[in-house]
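Peer 1: Starting from these lines, generate the structure:
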Amino acid sequence: MDFNAYDRNCPSRQLLDRIGDTWSVLIVVLLAQRPHRYTELANTIQGISPKMLTQTLRGLERDGLITRTVHAVVPPRVDYALTDLGRSLNVLVAELEKWAELHITDVLEARATYDARGEKEVV
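Peer 2: Reported below is the predicted structural model:
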């Protein structure tokens with residue numbers, strides 16, 4: 001079967017949507033360090049709502065990128081960890097994170113220059 005990420009109905013496009021999502025990238029990078037509990041993820045990733053964190057974790061688990069392990073203790077404990085597939089993705093997204101942090105000054109300067117022009121692109 002041929003896959004074409006430019007086709008909106010292609011599964012590879014859906015996967016790109018998942019792994020290109022800000023929350024997914026941050027979760028994958030965090031889980032590359034070690035398994036985390038839900039609360040640890042929620043406390044570390046500023047701005048993510050509980051609903052979005054839950055949806056993103058479910059999507060990553062469905063796609064085989066993370067595992068969810070429920071421990072039979074009181075209170076219940078759930079750990080999230082990367083799978084081998086998730087670790088292979090982390091190789092790529094960790095580089096994106098580094099690139100963003102390394103080049104944010106350049107991007108902020110470019111934005112300021114663009115905004116100072118006061119021009120709006122006409123489409």
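Peer 1: how close does Gly64 get to Ala81?
Peer 2: When distance is defined by Cβ to Cβ, to the nearest Å, Gly64 is 12 Å away from Ala81. For the C-beta atoms, the positions are set from N, CA and C on the backbone; glycine is no exception.
Peer 1: out of these two, which sits in the more crowded spot?
Peer 2: Per other Cβ atoms under 10 Å, whichever of Gly64 and Ala81 has more neighbours is Ala81, with 15 against 11.
Peer 1: Now for the residue nearest to that one when sequence neighbours are not counted: which residues touch it?
Peer 2: Once its chain neighbours are removed from consideration, Ala81 has its nearest residue in Pro35; the separation is 3.9 Å (Cβ to Cβ, 6 or more residues apart in numbering). Counting by Cβ atoms under 8 Å, 6 or more residues apart in numbering, Pro35 touches 69, 79-81.
Peer 1: Same check on Val70?
Peer 2: 76-78.
Peer 1: and if we set it to 10 Å?
Peer 2: For Val70, the contact set (Cβ atoms under 10 Å, 6 or more residues apart in numbering) comprises 76-79.
Peer 1: Buried among those residues? Need that as a selection in PyMOL.
Peer 2: When burial is assessed using 16 or more other Cβ atoms under 10 Å, the buried subset of the contacts of Val70 is captured in PyMOL by this command:
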select buried, resi 79
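Peer 1: how about a markdown table for the contacts of Val70, with secondary structure, pLDDT and distance to Val107 added?
Peer 2: Formatted as a markdown table, the entries for the contacts of Val70 read as follows, by DSSP: H, G, I helix; E, B strand; the rest coil; pLDDT from 0 to 100; distance: Cβ to Cβ, whole Å:
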| residue | secondary structure | pLDDT | distance to Val107 |
| --- | --- | --- | --- |
| Pro76 | coil | 86 | 42 |
| Arg77 | strand | 90 | 40 |
| Val78 | strand | 93 | 36 |
| Asp79 | strand | 97 | 35 |
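Peer 1: which of the contacts of Val70 sit farthest apart?
Peer 2: Pro76 and Asp79 (11.0 Å; Cβ to Cβ).
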